[in-house]
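Participant: How does the following fold in three dimensions:
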Amino acid sequence: MYRRSFVRAASALAVGGAVGGTAAACGGNGSGTGRSTASGSAPLGTGAAARSPSATASAVASTPATASPADWTALNRGLAGHVVRPGDGDYDTARLLFNPRFDGQRPAGIAYCENPSDVAECLAFVRKFGVAVTPRAGGHSYAGFSVGPGLVIDVTRMSAVTDIGSGTARVGAGTRLVDLYAALDAYGVTVPGGSCPTVGVAGLVLGGGIGVVSRAYGTLSDNLQSVQIVTPDGAVRECDAGRDSDLFWACRGGGGGNFGIATAFTFNTHSAEQMVLFFLSWPWSSAARVISAWQSWAPSAPDELWSNLHALSNPSGDTPTIQVGGTYLGSLGGAQSLISQLVDQVGSTPEGSPFVSSHSHAMKIEAGCSQLSTAQCHLPWQNPDGVLKRENEYAKSHIFTRTLSPSAISAVIAAVEQRQGYGGGGQGGVAFDALGGAVNRVAPDATAFVHRDGLFVAQFTTTWSEGAASTQTNAQQSWLRAFHQTMTPYASGQAYQNYLDPELTGWQQAYYGTNYARLLQVRATYDPDHVLNLPRGIGAA
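Facilitator: Okay, here's the model as predicted:
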């Protein structure tokens, strides 16, 4: 089930505290991997949560051309992991990303790396034969940049979560969020990550990492203490504030796969306190008042409260939906007091009531798989018990630094109402996620994540059903482009780099602002030959 559909369902169920959901789908929270420093670091152990795809797919009809007659057999022989090639039985599964829009991508090979030495071997192969390279962790890139025509370096086998204690945890770069939360919960701690269960931690943190407790604890990259990264010269580095500090700075929001390929992270952890969750729904006729009240309430609320707002088309009703959800790190009474402020501003009572949950179950609810086991909260080829489904999605983003004017709110309402009449299934609209709090108390140049003055980030999305006609999907995408463009004059010019948009002009400024010049310098230091040359990567045209 699409996560935004889940939020609608949850609002009706939350009163009794029995929030369900059978499957989750989510857009990209970042795709590839990043960097690591300190030569001679010991290889990371193999994790058990994510495995290579099973041999269920048929052989493909054609083999992509590579830049030179690369010796793939030798590469496979030199790895502790293995390489999947066109013609192999599991190739058609191994090449898939979360979003079926990109199923036409046919890489020359996918290397499942067991340790940093495997990554270094792959980079040596890339340098020797001139093969294009793409890092991959979760495979959730909005733009499909988790796969390319050459070698995909997949780090999902490096998924161990170890050394949990004394306020930190060591996390393999291929760890998926649902497995990360489960491992940390066994020790009563957590990190401020995202909600989609199958997103890889590498792409999330390297692009900044906004999550449901970020207003309390900062972005995930703000909580990064060190990163192990294999740079294009093959060196395995452990970088932090004192070792290769410029590279460490760049890894905290500079985007995945720009300076090297990350293999492990050390994060600060926080006590996994109980949460209060809420899912509130108003009639669509109240949409203007809800949006106006929410934008004045959520970004300025106490740090313990995080909230989002969804204005979405409704595939099962005559009118769109307007919903406010959120989490609160505190008591039920404290949450009720804050929510009453919002309700008073709206001027009408919503459906839904706040309820208390353990931290671990709250993250399952946010993921849309609260009634599933951790193993089930995967795609089938990621875990034998996985039951989640992929979903076609097209998306863009803005970051807003000032509240929406009445004309801007009217534009949101008109666009969502227009989407209501489109065929092809799915949903379309906008999700606003509150910023402020701890996120905005960090200086813009303290890390590569420059967005420290936002009120909320907006995801403009549209999804469609499997088998939708191309005329329908094209119409949906044209609608979304127009919606995004309509809102541009009201936005700040900033956009979230983990929501990569291949159509965005001026992306260097939008994603990185005044930090882009320094990122170029880091790129020149660690990858002067542009071995890593990703679309929308640092230094790309």
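Participant: C-alpha from now on. contacts and neighbour counts both.
Facilitator: Will do.
Participant: show me the contacts for I409.
Facilitator: I409 makes contact with 288, 291-292 under the criterion CA atoms under 8 Å, 6 or more residues apart in numbering.
Participant: The same query, at a cut-off of 10 Å, please.
Facilitator: Applying CA atoms under 10 Å, 6 or more residues apart in numbering, one finds that I409 lies in contact with 287-292, 403, 415, 487, 490.
Participant: Check A510 too.
Facilitator: By CA under 10 Å, 6+ apart, the contact set of A510 is 398-399, 450-451, 492-497, 504, 516.
Participant: Rebuild these as a markdown table, extending it with distance to S478, neighbour count and pLDDT.
Facilitator: Formatted as a markdown table, the contacts of A510 follow (distance: CA to CA, whole Å; neighbours: other CA atoms under 10 Å; pLDDT from 0 to 100):
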| residue | distance to S478 | neighbour count | pLDDT |
| --- | --- | --- | --- |
| H398 | 17 | 25 | 98 |
| I399 | 21 | 26 | 98 |
| V450 | 30 | 25 | 98 |
| H451 | 28 | 27 | 98 |
| S492 | 22 | 15 | 98 |
| G493 | 21 | 17 | 98 |
| Q494 | 22 | 24 | 98 |
| A495 | 19 | 27 | 98 |
| Y496 | 21 | 28 | 98 |
| Q497 | 22 | 26 | 97 |
| L504 | 14 | 13 | 97 |
| Y516 | 30 | 20 | 98 |
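Participant: and which of those residues is nearest L247?
Facilitator: The shortest distance between L247 and any of the contacts of A510, using CA to CA, involves Y516 and amounts to 13.5 Å.
Participant: now that closest one, nearest residue through space, not along the chain?
Facilitator: With CA to CA, 6 or more residues apart in numbering as the measure, Q508 is the residue that lies nearest to Y516, at 6.6 Å, once sequence neighbours are left out.
Participant: buried set for the helix or strand where the one you found lies?
Facilitator: Q508 is located in helix 507-512, with elements delineated by DSSP states H and E. Of the residues in helix 507-512, 507-508, 510-512 count as buried by neighbour count, 16 or more other CA atoms under 10 Å.
Participant: correct me, but P354 touches V324?
Facilitator: No: look at P354 against V324 with CA atoms under 10 Å: they stay out of range, at 11.4 Å.
Participant: any chance of the contacts of A510 in a markdown table, plus distance to G174 and secondary structure?
Facilitator: Output for the contacts of A510, formatted as a markdown table (distance: CA to CA, whole Å; DSSP: H, G, I helix; E, B strand; the rest coil):
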| residue | distance to G174 | secondary structure |
| --- | --- | --- |
| H398 | 28 | strand |
| I399 | 28 | strand |
| V450 | 25 | coil |
| H451 | 26 | coil |
| S492 | 33 | coil |
| G493 | 32 | coil |
| Q494 | 28 | strand |
| A495 | 25 | coil |
| Y496 | 22 | coil |
| Q497 | 20 | coil |
| L504 | 28 | coil |
| Y516 | 27 | helix |
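Participant: Now stretch 138-156 - C-alpha only, CSV.
Facilitator: What follows is the C-alpha trace of stretch 138-156 in CSV, where atoms were taken according to Å, rounded to 0.1, in the frame of the first residue of the first chain:
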residue,chain,number,x,y,z
GLY,A,138,18.7,0.8,-1.1
GLY,A,139,17.9,1.4,-4.8
HIS,A,140,15.4,4.2,-4.0
SER,A,141,16.8,7.0,-6.1
TYR,A,142,14.0,9.3,-7.3
ALA,A,143,15.8,9.6,-10.6
GLY,A,144,16.8,6.0,-11.0
PHE,A,145,20.4,6.8,-10.4
SER,A,146,21.0,3.6,-8.4
VAL,A,147,21.6,1.8,-11.6
GLY,A,148,23.5,2.6,-14.7
PRO,A,149,24.9,1.1,-18.0
GLY,A,150,28.2,-0.2,-16.6
LEU,A,151,29.1,-1.7,-13.2
VAL,A,152,26.7,-1.3,-10.2
ILE,A,153,28.6,-1.6,-7.0
ASP,A,154,26.0,-3.0,-4.5
VAL,A,155,26.8,-2.7,-0.8
THR,A,156,23.7,-4.4,0.6
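Participant: Let me see the mean pLDDT of it.
Facilitator: Over the span of stretch 138-156, the pLDDT mean works out to 97.
Participant: now stretch 212-231
Facilitator: For stretch 212-231, mean pLDDT is 98.
Participant: where exactly do the strands run in the stretch 51-200 of the chain?
Facilitator: 82-84, 109-112, 133-136, 151-154, 161-165, 168-172, 189-190 (DSSP state E, counting those that start in this stretch).
Participant: which regions of this structure sit below the pLDDT cut-off?
Facilitator: Low-confidence segments of the chain, defined by pLDDT under 70, span residues 1-68, 541.
Participant: Quick check: next helix or strand after the helix holding Q508?
Facilitator: Following helix 507-512 in sequence order, the next helix or strand is helix 516-526 (DSSP H and E).
Participant: that's a helix at T462, yeah?
Facilitator: No: for T462, which was evaluated using DSSP: H, G, I helix; E, B strand; the rest coil, the result is strand, with no helix membership.
Participant: how about the nearest residue to it, chain neighbours excluded?
Facilitator: Of all residues beyond its chain neighbours, the one nearest T462 is G428 (4.0 Å), with distances taken as CA to CA, 6+ apart.
Participant: hang on, that neighbour packs against A311?
Facilitator: Yes: taking CA under 10 Å as the contact criterion, G428 and A311 are neighbours in contact, 8.5 Å apart.
Participant: More neighbours: which of these two?
Facilitator: Here G428 and A311 are set side by side on neighbour count (other CA atoms under 10 Å), and the busier one is G428, at 33 against 26.
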